[in-house]
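K.L.:
curious how this folds, go ahead:
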Amino acid sequence: MGQQQPQCVITDQCPGIKKACPNVFKHSVHKYCMWHIMQKMLEKVGRAICNDTEFMTDINVVVWDVDLEPEEFEQNWETVIEAHGMQSNRWLKYVFSLKQKWIPAYFRDLPLGCLLRTTQRSKSSNSYFKRFESHFGTLVEFWMRYNSAIEQQRHSQRRLDAANEHSMLEKVGPMKAEMHASLVYTHPIFADFQNEVKHAIYSMGVENLTTVGTVEYHDVRDGLKHRNFRLEFNTKTNESKCACKLFERHGIVCRHILWVWNGRQVIEDIDEADIKKAEMSKEIEALLGITASNDIDLRPPNKAKNKGSGKRLRSSKEKATSKPQKRKRRCGNCKKWVNHNSRTCNLPFAESPPSDDDDEEES
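P.N.:
As a prediction, the model looks like this:
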């Protein structure tokens, strides 16, 4: 990792790791896995309460809500505990005393790229490598399987990098910020950003607006989350900051900021696309050793006669069946206008029917 310590280390409540983390990662924040703690609810609180009441539903709403401020979390926690009569539970008191170690409300400002709350990422890595290992293999076989796993990961990474560099997802809204975001984000992150764009268009509103100098304070109503978010917008610098802190946590501009930007007609600098194209052109010119000319005197080429163009060539069978029929003539044997003569007629000469002329002579 280039001798860089991680922003955050997430583990279970192992006492040994708790002592080791501050000594090894002196500049990292140590947090507990939320999933491990919540899995102990049935054992520590009681299955009867968890299964027969709404306690688990209510406590999950409080614990997993990333939009709560610390004060809001503490109030909601106490409300749920009192509503279900759990004030005397020692384990709930203990985990509440550790709230700064595992509740998202206390590290919403921590830039993690995405809000990690469990050890799921390390477990998924273990599961990935298990596909390449065998308990009965030798050390050499393990090394070969490990290299295969690493090479597959690198291949997937190169494929995703190529998709990000040479393709672009379709826009979903009229905001110019979306064009700028397509140049900055990868495809999966850009898809998450587009989700914010959709909500900014259809589910936002303003409850209150106050101005202090060049700073506007918007109380934005989020229709999906059913709550307001305070947003600061500097009319001079366009600097924006929202109470949901999605940008601080995920690096994605939230729907509330996008809604204000759209209303204020904030135009982002999207010249990066032209800059990127110019840089690619220079790289191609350096590789080929030529310079692209601005004077283009190319003309369209003459139309080539090849397969599939122009009039379709017919097969010999089609030509034979499409020839005009031969002119019919009168057979001297059967006395009919047909395509054969008396030598090729199928009727014997003696059985030849009388012609129309013979009938006229007899009459």
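
K.L.:
what's the closest non-adjacent residue to Thr11?
P.N.:
Distance criterion Cβ to Cβ, 6 or more residues apart in numbering; nearest residue to Thr11, sequence neighbours excluded, is Ile17 at 4.8 Å. Where you see a C-beta, it was placed from the backbone N, CA and C, and this is true even at glycine.

K.L.:
list the buried residues for the strand or helix carrying Arg221?
P.N.:
Using DSSP states H and E, Arg221 maps to strand 215-222. Across strand 215-222, burial judged by 16 or more other Cβ atoms under 10 Å covers Glu216, His218, Asp219, Val220, Arg221, Asp222.

K.L.:
any idea what the first one is bridged to?
P.N.:
Listed by DSSP bridges, the beta-bridge partners for Glu216 are Thr211, Phe233.

K.L.:
how about the fourth one?
P.N.:
The residues listed as beta-bridge partners of Val220 by DSSP bridges are Val206, Phe229.

K.L.:
same question for stretch 40-60, mean pLDDT?
P.N.:
Averaged across stretch 40-60, pLDDT comes to 87.

K.L.:
any idea how far apart the tips of it sit?
P.N.:
13 Å (Cα to Cα, to the nearest Å).

K.L.:
centroid residue for the chain?
P.N.:
Pro188 (4.1 Å; Cα atoms, centre = their mean).

K.L.:
now do the helix or strand that Lys198 is a member of, average pLDDT.
P.N.:
For Lys198, the host element (DSSP H and E) is helix 187-202. For helix 187-202, mean pLDDT is 88.

K.L.:
contacting residues around it?
P.N.:
160, 163-164, 167, 169, 172-173, 175, 177-178, 181-182, 185, 222, 224, 246, 250-256, 258-259, 262 (Cβ atoms under 8 Å, 6 or more residues apart in numbering).

K.L.:
give the buried subset of these as a ChimeraX selection command.
P.N.:
Paste this into ChimeraX to select the buried members of the contacts of helix 187-202, with burial taken from 16+ other Cβ under 10 Å:
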select :164,173,175,177,178,181,182,185,222,246,250,251,252,253,254,255,256,258,259,262
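
K.L.:
looking at the contacts of helix 187-202, which are in helices?
P.N.:
Within the contacts of helix 187-202, residues falling in helices by DSSP state H are 160, 163-164, 177-178, 181-182, 246, 250, 255-256, 258-259, 262.

K.L.:
right, I'll leave it there.
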